[in-house]
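> structure for the following, please:
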Amino acid sequence: MKMKSGLSRAGSLLSVALLLAACATQAPPQYAAVQVPQDFLLDVGAGQGDPFPESEWWQRYGSPTLDRLIQRAELNNPDLSAAAARIARADAELRRSGASLLPSATADTSASRNSRPWAERFSDGGGSSYSLGLRASYELDLWGANASTVEAAAARALASRFEQESVALSLFSEVALGYINLLGLNEQIDASERSLELAREVQALTKTRERAGAASGLETAQQRSVIAGLEARLSDLRRQATARRLALSALLGENPDLSLMPDERLMDLRLPLPAPGLPADVLRRRPDLRAAEAGLRAAAADVEVARSALFPSISLNASGTSASDALRSLLDPASFLFTVTAGLAQTVFDGGARIAGIESSEAQQIALLEDYRGSALLAFQEVETALSDAAAQEQVEAARLDALEAAREAYAIAEAQFRNGAVDFLNLLEAQRSLIDAETQAILARQARLEASVSLYRALGGGYDPEAPGARLAAVQGR
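This next block holds a predicted model:
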């Protein structure tokens with residue numbers, strides 16, 4: 001009767017546990033779908049741009065210096081190295097979680113010696129004993145908890161590779177933008193130096209005219225003011241170029257270095273423009289979105305792990321022990337003792353902790369999906385903005401180049417007329433200022449157009465390969 005009563009109580013507890021589990025495993029919450037546009041509002045020549053680039057997308061700019069800078073960043077940047085370490089950690093976590101699917105075994109041996117040196121009246125003066133044991137255990141994964149844990153770890157390991165690609169895309173884009181900015185500053189410095197030389201020539205001409213009585217001291221003072229302004233601007237541009245070189249050193253993962261003095265010009269760089277494809281392609285191309293997608297899969301597996309905690313756990317255990325007073329008989333089959341057990345454990349009352357764990361995992365899953373939706377919307381916006389900038393900057397550069405050509409013609413005419421006394425100094429001064437401004441604006445327009453191209457590559461996901469994330473970086477960094 002006692003045995004039947006015990007079995008009845010155990011069966012009742014198991015029934016209650018299974019009932020609680022069944023009540024808690026309701027259908028997963030419904031999420032808002034990611035709305036993907038059919039097409040982008042803007043396009044570069046109706047898809048006539050370059051095909052989506054290979055992984056080394058920056059090589060399309062045709063700059064050997066930029067290629068070398070990005071190679072140095074690949075090898076030395078600490079953010080990339082940290083991302084690689086996170087991949088190694090995620091892989092180790094995956095291997096550790098995978099061990100839960102296999103049995104575990106432990107072995108132990110012991111030897112002891114007992115003696116009674118001061119008890120001569122005892123016939124037993126002591127002796128030696130030896131033991132050898134092996135224990136194995138295995139938890140049945142009836143509810144898929146261990147498999148879901150492995151699935152979550154695998155998704156996080158994949159996400160870590162996507163995250164490294166995202167770090168690399170951001171880093172290489174910043175290096176490209178920084179280098180283009182440095183080229184623009186160098187050209188502005190060259191233009192300011194030429195303008196300063198030109199202004200000093202005008203100043204010398206004004207002083208000559210003043211000594212001849214054909215010009216007043218006011219004109220000389222005005223030109224001196226122009227020269228002072230150009231000198232101040234030149235000093236500020238040099239300061240900005242120094243800061244840009246130092247910033248590039250940090251991106252390269254190197255100590256501060258001012259030796260980077262490229263001899264390229266903005267017009268030497270090619271101007272690639274990738275075809276954007278369809279908005280749905282962005283979800284596949286961008287590594288940050290793929291990382292978020294992998295995180296969603298990990299969160300879904302976490303929910304299954306939390307739900308599996310409601311069910312009973314069943315473990316199998318086996319042990320074998322051999323004990324003997326003599327080492328030579330330790331392996332005698334007669335000395336072995338084998339034990340096999342099976343255990344079932346089920347939490348009956350935990351104050352709602354497991355139910356709360358399920359709700360927490362589901363809430364985390366919803367939050368991650370909403371984050372993913374927000375990231376996708378931001379990605380679509382970034383592509384549209386980059387396309388708009390690329391189209392607008394092309395028109396801006398064309399207009400700036402026309403303005404520069406006109407300003408050069410106007411200055412040449414004004415200078416000739418001023419030498420002949422046909423116009424006053426104010427006309428020459430205005431033509432000079434217009435030329436300086438036109439040169440600066442043309443440089444900035446070309447720089448902005450190149451930067452828009454880099455931003456478009458970045459918004460589209462660069463040359464990232466969704467089929468083998470992190471493969472090229474691992475090869476470069478020797479990991």
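
> quick one, helices of the stretch 101-250 of the chain?
Counting by DSSP state H, counting those that start in this stretch, the stretch 101-250 of the chain has helices at residues 145-211, 217-251.

> neighbours around E231, how many?
Using other Cβ atoms under 10 Å, E231 has 13 other residues around it. Heads up, the C-betas are built off the backbone N, CA and C, glycines and all.

> swap that for S388, please
Counted with other Cβ under 10 Å, residues neighbouring S388 total 14.

> I'd guessed it sits against L42; true?
Yes - with contact defined as Cβ atoms under 8 Å, S388 reaches L42; the gap is 5.6 Å.

> and of the helices of the stretch 101-250 of the chain, who's closest to L344?
helix 145-211 (14.8 Å; Cβ to Cβ).

> helices or strands next to that closest one in the packing?
Where contact means 3 or more Cβ pairs under 8 Å, 6 or more residues apart in numbering; DSSP states H and E, helix 145-211 is packed against helix 64-76, helix 78-98, helix 217-251, helix 287-308, helix 353-419, helix 425-460, helix 471-477.

> turn these into CSV, including mean pLDDT and distance to L205.
Output for these, formatted as CSV (pLDDT from 0 to 100; distance: least, Cβ to Cβ, whole Å):
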stretch, mean pLDDT, distance to L205
helix 64-76, 94, 40
helix 78-98, 91, 55
helix 217-251, 91, 9
helix 287-308, 90, 59
helix 353-419, 91, 7
helix 425-460, 89, 9
helix 471-477, 60, 58
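
> adding distance to R113, write these out as TSV.
Output for those, formatted as TSV (distance: least, Cβ to Cβ, whole Å):
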stretch	distance to R113
helix 64-76	60
helix 78-98	40
helix 217-251	66
helix 287-308	49
helix 353-419	49
helix 425-460	73
helix 471-477	55
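
> just so I know, which of those lies nearest S173?
helix 425-460 (4.3 Å).

> the closest one vs helix 145-211, what angle?
Angle of helix 425-460 versus helix 145-211, following axes from the mean of the first three to the mean of the last three Cα atoms, to 10 degrees, is 170 degrees.

> off-centre distance for helix 425-460?
Relative to its parent chain, helix 425-460 has a centroid offset of 32 Å by Cα atoms, centre = their mean, to the nearest Å.

> what does stretch 346-354 give?
Worked out by Cα atoms, centre = their mean, stretch 346-354 lies 40 Å from the chain centre.

> start and end of it, how far apart?
End-to-end distance of stretch 346-354: 12 Å, with Cα to Cα, to the nearest Å as the criterion.

> do the same with stretch 204-221
Using Cα to Cα, the end-to-end distance of stretch 204-221 comes out at 12 Å.

> what lies in contact with it?
With contact meaning Cβ atoms under 8 Å, 6 or more residues apart in numbering, stretch 204-221 is reached by Q203, Q223, F418, R419, G421, F425.

> switch to 7 Å and redo it
Identification of contacts with stretch 204-221 by Cβ atoms under 7 Å, 6 or more residues apart in numbering yields Q223, G421, F425.

> in contact with the first one, which residues?
Applying Cβ under 7 Å, 6+ apart, one finds that Q223 lies in contact with A199, V202, Q203, T206.

> and the last one, how far from R95?
Looking back up the chat, that one is T206. Distance, T206 to R95, by Cβ to Cβ, to the nearest Å: 80 Å.

> highest neighbour count among the contacts of Q223?
When neighbours are counted by other Cβ under 10 Å, T206 leads these with 25 neighbours.

> ok, so of the contacts of stretch 204-221, who is nearest G357?
Nearest member of these to G357, counting by Cβ to Cβ, is Q223, at 78.6 Å.

> which residues are in contact with the closest residue to that closest one other than its chain neighbours?
Take Q223 and drop its neighbours on the chain: the residue closest to it by Cβ to Cβ, 6 or more residues apart in numbering is Q203, 4.6 Å away. Counting by Cβ under 7 Å, 6+ apart, Q203 makes contact with Q223, R224, I227.

> can I get those in JSON lines including distance to A406?
JSON lines is the format used below for the contacts of Q203 (distance: Cβ to Cβ, whole Å):
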{"residue": "Q223", "distance to A406": "23"}
{"residue": "R224", "distance to A406": "27"}
{"residue": "I227", "distance to A406": "24"}
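
> from those, which is closest to A159?
Looking at those and their distance to A159, the nearest is I227, at 58.5 Å (Cβ to Cβ).

> okay, the helices of the stretch 101-250 of the chain, which one's buried deepest?
Comparing the helices of the stretch 101-250 of the chain by mean neighbour count (mean count of other Cβ atoms under 10 Å), helix 145-211 ranks first with a mean of 20.

> chain center to that one: distance?
Put simply, helix 145-211 sits 18 Å off its chain's centre (Cα atoms, centre = their mean).

> now do it against helix 287-308, angle only.
Here helix 145-211 runs at 150 degrees with respect to helix 287-308, directions being taken by the same axes, to 10 degrees.

> now helix 145-211: mean pLDDT?
Averaging pLDDT along helix 145-211 yields 90.

> what pairs with the lengthiest strand in the chain, parallel or antiparallel?
Ranked by residue count, the top strand of the chain under DSSP state E comes out as strand 126-140. Strand pairing for strand 126-140, using DSSP bridges, gives strand 104-115 (antiparallel), strand 313-324 (antiparallel).

> L426: neighbouring residues, count only.
Neighbours of L426 using other Cβ under 10 Å come to 11.

> kindly report the same for T385.
Considering only other Cβ under 10 Å, T385 is surrounded by 15 other residues.

> and it, how far is that from Q395?
Per Cβ to Cβ, T385 is found 16 Å from Q395.

> same check, this time on D141
Distance, D141 to Q395, by Cβ to Cβ: 63 Å.

> ok, G295 next?
As judged by Cβ to Cβ, G295 and Q395 stand 41 Å apart.
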